[in-house]
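Participant: could you look at this predicted model? Sequence included:
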Amino acid sequence: MKWQQIPCPLPQMRIWGAVKQEHSFTILLEERMGGEFEGWTGYSLSWKRMPNGKVNKIPVWYQSLEEATKACEDLAKQVLGD
């Protein structure tokens, strides 16, 4: 998949996205968020069928962009039946 960084208005978040076979896949880096995530940094994944599908957030956190990218590409294979 071809990943693109997507502009985000929040300085503590970075977003990468890719589209494959009418599905959107997203990697989100959350840094130093408040509340229960104070001082925590990690990558999360989500996906949805475009254009109006339900967002499916994966309840696993990854420590690096490389690890999150591989996990999201594996997820795309499962979702798309590749």
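Facilitator: Yes, it's here.
Participant: burial measure for the residue lying closest to E73 once chain neighbours are set aside, as a count.
Facilitator: Of all residues not flanking E73 in the chain, M1 sits nearest, at 5.9 Å (Cβ to Cβ, 6 or more residues apart in numbering). Using the backbone N, CA and C atoms, a C-beta is placed for each residue, glycine as well. Residues lying near M1 (other Cβ atoms under 10 Å) number 12.
Participant: does M1 touch L75 like I think?
Facilitator: No: between M1 and L75 there is no contact under Cβ atoms under 8 Å: 10.4 Å.
Participant: can you pull the contacts of the most centrally placed residue in the chain?
Facilitator: Among the residues of the chain, the one closest to the centroid is I27, at 1.9 Å (Cα atoms, centre = their mean). By Cβ atoms under 8 Å, 6 or more residues apart in numbering, the residues touching I27 are W3, I15, W16, G17, Y43, S44, L45, L65, A68, T69, C72.
Participant: among the residues you listed, which lie within strands?
Facilitator: Among the contacts of I27, the members falling in strands (DSSP state E) are I15, W16, G17, Y43, S44, L45.
Participant: any of those buried? List them.
Facilitator: The neighbour count (16 or more other Cβ atoms under 10 Å) marks W16, G17, Y43, S44, L45 as buried among the ones in strands among the contacts of I27.
Participant: please name the bridge partners of the last one.
Facilitator: Per DSSP bridges, the residues bridged to L45 are I27, I58.
Participant: then Q5?
Facilitator: Beta bridges link Q5 to W16 when assigned by DSSP bridges.
Participant: just give me the neighbour total for it.
Facilitator: Using other Cβ under 10 Å, Q5 has 11 neighbouring residues.
Participant: just checking, it touches T26?
Facilitator: No: counting by Cβ under 8 Å, Q5 stays clear of T26, with 11.3 Å between them.
Participant: and stretch 11-21, how far from the chain's centre?
Facilitator: Stretch 11-21 sits 6 Å away from the centroid of its parent chain (Cα atoms, centre = their mean, to the nearest Å).
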